[in-house]
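Novice: No letters, just coordinates:
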């Protein structure tokens, strides 16, 4: 008697299955009026213990400046996972290293304006006892950290659509199937190497092909849901209302070229030139791939990504939902921080386009 062998699902299928599982069984639901939404969404801080492996330390001042703005402006704060780098260090050490940051975020919690989600690098927070032990003093009375949120948006009693907040790691191999091995490897082997050599492992945030597969899987799943928009992190790259990826990359490359032309210092010129080079490489890689692969006709604006709060230059990116719009913002690492609105679009129009 032979057992029936089922085919191993591919990367995209695993992500789609895991997102459906999260949506159906591991998410909370809320309904809000469009005009009442005033959110800022950040993710992927990767706070460590202020050593050579800590990716957040160079962004802390920028992040504090941004939080000061959003506190005064009355925003709700959404932290979309991988806030703490628990694969690299113990939670008590990270909390001690970033107590001032936690106290600043606590001010949102005290007025009921903080929602936290866990990602793959801080999935310890799926355990309520661990949350209570390490983060309890900095959260609201519920002390809960979520995996997913279905936020139904209404206007005048009419349902416009649903925003699905999730970190985005669900279904990826090391994040789900081998999480225990991954944590042990990063903490005891990878962290010492990273501290000494300052290099990173291949992930959607560093590998073009893996990032493309990740974004394609999230977009495809979101497009299959009626009136659904996914807001995620994980890849560390901001994505805003995607049309065809090649068109988006062309716009991003043109922006970098404009920034390069106006760069004030030689160091800034070198940084922007390097970034533009990588963007051009990604663009031409994608153009070559689409000659022989399925077309990337991204018609629905159903996938947005925050980017991250751990860029090596100290900048951070995030998403705002306010005044009936969704906006991609960047906070540069400068002495007098001021947000830059990179892209903006009517949220109502986004949700309407995702119904078809």
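Specialist: The structure has been received and is ready for your questions. As the structure is a computational prediction, the values presented were derived from the model and not from experiment. Numbering: from 1, shown residues only.
Novice: I'd like the next helix or strand past whichever strand or helix holds residue 222.
Specialist: Element membership of residue 222, judged by DSSP states H and E, is helix 208-223. Counting by DSSP H and E, the next helix or strand C-terminal to helix 208-223 is strand 228-232.
Novice: packing partners for that next one?
Specialist: For strand 228-232, the packing partners by 3 or more CB pairs under 8 Å, 6 or more residues apart in numbering; DSSP states H and E come out as strand 158-166, helix 208-223, strand 303-306. Any C-beta I mention is one placed from the backbone N, CA and C, and that applies to glycine too.
Novice: so what does the helix holding residue 222 touch, helix or strand wise?
Specialist: Secondary elements touching helix 208-223 (3+ CB pairs under 8 Å, 6+ apart): helix 11-25, strand 228-232, helix 266-292, strand 303-306.
Novice: Could you point out which of the helices and strands packed on strand 228-232 sits nearest residue 263?
Specialist: When those are compared by CB to CB, helix 208-223 sits nearest residue 263, at 24.6 Å.
Novice: What angle do helix 266-292 and that closest one make with each other?
Specialist: Going by axes from the mean of the first three to the mean of the last three CA atoms, to 10 degrees, helix 208-223 is angled at 60 degrees with respect to helix 266-292.
Novice: Any buried residues in helix 208-223, and which?
Specialist: 210-219, 221-223 (16 or more other CB atoms under 10 Å).
Novice: Same question for stretch 257-264.
Specialist: Neighbour-count burial for stretch 257-264, counted by 16+ other CB under 10 Å, picks out residue 260.
Novice: next one: it to chain centre, how far?
Specialist: Relative to the chain's own centre, stretch 257-264 is displaced by 27 Å; criterion: CA atoms, centre = their mean, to the nearest Å.
Novice: Check stretch 82-97 too.
Specialist: Its chain's C-alpha centre and that of stretch 82-97 lie 18 Å apart, by CA atoms, centre = their mean.
Novice: same check, this time on stretch 72-85
Specialist: Relative to where its chain is centred, stretch 72-85 has its mean C-alpha point 11 Å off (CA atoms, centre = their mean).
Novice: what does stretch 343-351 give?
Specialist: Averaged over its C-alpha atoms, stretch 343-351 has a centre that lies 19 Å from its chain's centre (CA atoms, centre = their mean).
Novice: Next, the buried residues of that stretch.
Specialist: Applying a neighbour-count criterion of 16+ other CB under 10 Å, the buried positions in stretch 343-351 are 343, 345, 347, 348, 350, 351.
Novice: Of the helices and strands packed on helix 208-223, which is nearest residue 318?
Specialist: Closest approach to residue 318 among those is made by strand 303-306 (5.2 Å; CB to CB).
Novice: Against which helices or strands is the helix or strand following the closest one packed?
Specialist: In the C-terminal direction, the helix or strand that comes right after strand 303-306 (DSSP H and E) is strand 316-322. Judged by 3+ CB pairs under 8 Å, 6+ apart, strand 316-322 is in contact with strand 38-42, helix 60-73, strand 303-306, strand 325-331.
Novice: at 6 Å instead, please
Specialist: Using 3 or more CB pairs under 6 Å, 6 or more residues apart in numbering; DSSP states H and E as the contact criterion, the secondary-structure elements in contact with strand 316-322 are strand 38-42, strand 325-331.
Novice: angle of it against helix 60-73?
Specialist: Using the same axes, to 10 degrees, the direction of strand 316-322 lies 10 degrees away from that of helix 60-73.
Novice: Show me what strand 316-322 pairs with in its sheet, parallel or antiparallel.
Specialist: Applying DSSP bridges, strand 316-322 is found paired with strand 38-42 (antiparallel), strand 325-331 (antiparallel).
Novice: how about residue 12, what does it touch?
Specialist: When contacts are counted by CB atoms under 6 Å, 6 or more residues apart in numbering, residue 12 touches residue 217.
Novice: Deepest-packed of the helices and strands packed on strand 316-322, please.
Specialist: Of all the helices and strands packed on strand 316-322, strand 38-42 has the most neighbours on average by mean count of other CB atoms under 10 Å, namely a mean of 23.
Novice: pLDDT score for the nearest residue to residue 311 once chain neighbours are set aside?
Specialist: Ranked by CB to CB, 6 or more residues apart in numbering and with sequence neighbours excluded, the top spatial neighbour of residue 311 is residue 59, at 6.6 Å. The pLDDT attached to residue 59 in the predicted structure is 97.
Novice: Residue 59 and residue 316 touch, don't they?
Specialist: Yes: Residue 59 sits in contact with residue 316 when judged by CB atoms under 6 Å, with a separation of 5.4 Å.
Novice: what residues are shared contacts of those two?
Specialist: Overlap of the contact sets of residue 59 and residue 316 (by CB under 6 Å, 6+ apart) consists of residue 309.
Novice: Give me the more crowded residue out of those two.
Specialist: The residue with more neighbours, out of residue 59 and residue 316 and counting by other CB atoms under 10 Å, is residue 316; that gives 28 against 25.
Novice: related to what we said a few turns ago, what's next to the helix holding residue 222, contact-wise?
Specialist: Helix 208-223 is touched from outside by 11-12, 15-16, 19, 204, 228, 230, 235, 282, 285, 300, 302-303, with contacts defined as CB under 6 Å, 6+ apart.
Novice: Understood, closing this out.
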